[in-house]
Structure formats: structure tokens, C-alpha cells
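Undergrad: requesting a structural model of the entry that follows:
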Amino acid sequence: MQHEVEVEPGVTVWAEDLPAADGALPAAPMLLVAGADETGLGRWPDPLVDRLRTRHRVVRYDHRDTGRSAHRFDEHPYRLADLAADALQVLDACGIDRVHAVGAALGGELVQLLALDHPDRLVSAALLATTPLETAPPATTAAAPSGGGLPGPAREILRMRQELHDPRDERGELAWRVEFRRRLCGSVLPFDRAEHAALERAVMAHSGRVEPSTAHATEADPAGLDRGGELGRITVPTLVVEGPEDPVRPPPHARLLAGRIGAAARLATVDGMGHLLPAAVHEPVAALLLEHAAGAGVPQATQPTQR
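TA: Model prediction:
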């Protein structure tokens, strides 16, 4: 079922509420939160979602200024942190009280905010390809280490981010996006250009536009994400997934994040994974998320552990 959720007057967010597969055991729903300038479809492709639906009802959605959601930043500016409140409104529109919240990249930072401010709405949290709240540097600035001495995005990623607004026709835009995805995936796992081109074509068809979404990267205010000092208050069972080949949030971002959260966190690594979720990592990522959700509520170790 699809929803148009009004998150403020005149601003709607598109959401898709997918039932669990036939025969699945009852389990709390799973909310998938995408990264900056990403559609829910682009970050959470159908084959991965289908794996999660073997046990869970799954909700994915487009942030403001992405996909089928309203593109109205000029008339309705917002902080990146405000997108966390949008997630709650999506849940309310779907009639969902508590979820397993899964966030990637910026989505992981938003789920950290939800775990801090609305733990009553979460059964568990899972954070992928992300960083502790206080260390998040603008993705379009220098590749120097970010807050706390953490490494920033690789220079080739920053260079391509600077090309976001370059004029391109549809064919050129598709080629640029596929090349950007290649770099975001890292250099260890084989890169299937056909797979990523098909996903980007689907995103363009879903969005109804060729030009990329850039409001989050270039316009939205990052104020409100500087709350890393509070992460030790998180008590929701939290899985932190590290992509060792992530060129945007490379090690030790994930390890530091799990350490900042403390007893509620568990650290896991998916070998070869970069910043995105290509088909090559669907099986291990889905297995981690399903295992974590199934075990939510089980007492956590006193320290993050490496899988």
C-alpha cells in the first residue's frame, strides 16, 4: 500500500507499506530510512526488501525532496534533523506504534535521533554506513579528517559530489550515476554495471525526473545532528554494521559509533561492503538485520562485539 503523508502543510512524503510474505511469523514492522538525497527505492532495492519481508512488514519512504515526495525546499526549508520527525509521521500514517528502525548513511543519523528522543517507538535500531551524530561532516567539503579525528569521504567521492549540478542529458546522467555508485561501492566486490543501471533507471521512473536530488547535500541545515555526547543514553538494542570498504564513512566510524552507544550496541562487519547495498551483500545484510530484530530484547553484552 502506498501513502502520501503530509508532514507539514503543503509538504507530502511518499511511503510504501509492504506486508510480510505469506506464512511469515508475526513480528514488529521494519522501517527503512534512506540516506541524504536518496529515495527509499534507491537505497533499499526490491530484492533486499523481499528478504526482509520473509519475517516483517516493511515500510520504506522517500525523504522530502527525493523521489515522489514533495520537492519544495525553497518554499519550505528545513533542518536535516527535521527528517527524523517525518519518519514518525510516516509510522503514524501507517498505523504503526513500534518498529525495528534501520537507517543507512544520513538515515543512520536520523535513527540515532529517534533512539535518543523516541525510544518508545523503537523495538530495535540498526545503523549502516553511518557515523556518530557529532562527527558528521558536510559531504561536499574537504576530505580532511572529520570531528574526533575520523577520516572524511575519499577525495574521488568529493570530486564527484562537486559534479552533481553539471548539465547532463538523460543518458549522461545515468552514466554519471552508475559511475558514482561504482565508487561508492568500494573496490573489493565485483561491480555489476547492469544491476546498478537498472536500479537507477527504476529510480528515475519512480521519481519522474532525471535531474538528481541535491537539497540535503547542498541546502538543508545540519544543525541538530551534533548530539554525539548523548549517544550513551541509547538503551534500544542497536546493531552497527561496518562496511570496511566504505569510501564515505570508512573504518573506524562504525566502531566509534558502537563504542559511543555502549552496552546497547553490537558491532558487525560485512566483508567487502562499501557505502551502498548491491546484490552481492543482500544476503549477509538481510541475515544480520533479521537476526538482530529477532533477538531484540535479549540482554546485550556490556561491550560492542565484532562478528
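Undergrad: next secondary structure after the lowest-mean-pLDDT helix or strand in the chain?
TA: Sorting the helices and strands of the chain by mean pLDDT, DSSP states H and E puts helix 215-218 at the bottom, at a mean of 88. Sequence order places strand 238-242 as the next helix or strand after helix 215-218, per DSSP states H and E.
Undergrad: in its sheet, what does that next one sit against?
TA: Within its sheet, and counting by DSSP bridges, strand 238-242 is paired with strand 122-128 (parallel), strand 265-269 (parallel).
Undergrad: give me the mean pLDDT for it.
TA: For strand 238-242, mean pLDDT rounds to 98.
Undergrad: not counting sequence-adjacent ones, nearest residue to the most centrally placed residue in the chain?
TA: Nearest residue to the geometric centre of the chain (C-alpha atoms, centre = their mean): residue 104, 2.3 Å. Computed as C-beta to C-beta, 6 or more residues apart in numbering, the closest residue to residue 104 that is not its neighbour in sequence is residue 128, at 4.3 Å. (Each C-beta comes from the backbone N, C-alpha and C, glycine too.)
Undergrad: same question, residue 202
TA: residue 41 (6.3 Å).
Undergrad: using PDB, write out the CA atom coordinates for stretch 17-27.
TA: C-alpha atoms of stretch 17-27 as PDB (Å, rounded to 0.1, in the frame of the first residue of the first chain):
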ATOM      1  CA  ASP A  17       3.900  -0.100   3.300                       C
ATOM      2  CA  LEU A  18       4.600  -3.700   2.300                       C
ATOM      3  CA  PRO A  19       3.100  -6.700   4.100                       C
ATOM      4  CA  ALA A  20       5.100  -9.600   5.300                       C
ATOM      5  CA  ALA A  21       5.300 -12.600   3.000                       C
ATOM      6  CA  ASP A  22       2.600 -15.200   3.200                       C
ATOM      7  CA  GLY A  23       3.300 -17.500   6.100                       C
ATOM      8  CA  ALA A  24       5.700 -15.200   7.900                       C
ATOM      9  CA  LEU A  25       5.500 -15.300  11.700                       C
ATOM     10  CA  PRO A  26       4.100 -12.200  13.300                       C
ATOM     11  CA  ALA A  27       6.900  -9.700  14.000                       C
END
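Undergrad: who's the residue nearest to residue 104 bridged to?
TA: Judged by DSSP bridges, the bridge partners of residue 128 are residue 104, residue 241.
Undergrad: circling back to that earlier point, now do the least confident helix or strand of the chain: which elements does it pack against?
TA: Helices and strands touching helix 215-218, by 3 or more C-beta pairs under 8 Å, 6 or more residues apart in numbering; DSSP states H and E: there are none.
Undergrad: how many neighbours does residue 169 have?
TA: Other residues near residue 169 come to 9 when the count uses other C-beta atoms under 10 Å.
Undergrad: wait, residue 253
TA: 25.
Undergrad: what of the one 3 residues further on?
TA: For residue 256, the neighbour count with other C-beta under 10 Å is 19.
Undergrad: if I look at it, how far off is residue 169?
TA: 42 Å (C-beta to C-beta, to the nearest Å).
Undergrad: biggest helix in this structure by residues?
TA: helix 279-295 (DSSP state H).
Undergrad: what's that one in contact with?
TA: Residues from elsewhere that reach helix 279-295 (C-beta atoms under 8 Å, 6 or more residues apart in numbering): 27-28, 30, 45, 47-48, 51-52, 54-56, 100, 102, 123-124, 126, 128, 189-190, 192, 195, 237, 239, 241, 266, 268, 270-273, 277, 307.
Undergrad: between that helix and strand 238-242, how many degrees?
TA: 160 degrees (axes from the mean of the first three to the mean of the last three C-alpha atoms, to 10 degrees).
Undergrad: buried stuff in helix 279-295?
TA: Within helix 279-295, the residues that qualify as buried are 280, 281, 282, 284, 285, 286, 288, 289, 290, 292, 293, counting by 16 or more other C-beta atoms under 10 Å.
Undergrad: out of these, flag the one nearest to residue 228.
TA: Nearest to residue 228 among the buried residues of helix 279-295, counting by C-beta to C-beta, is residue 292 at 22.2 Å.
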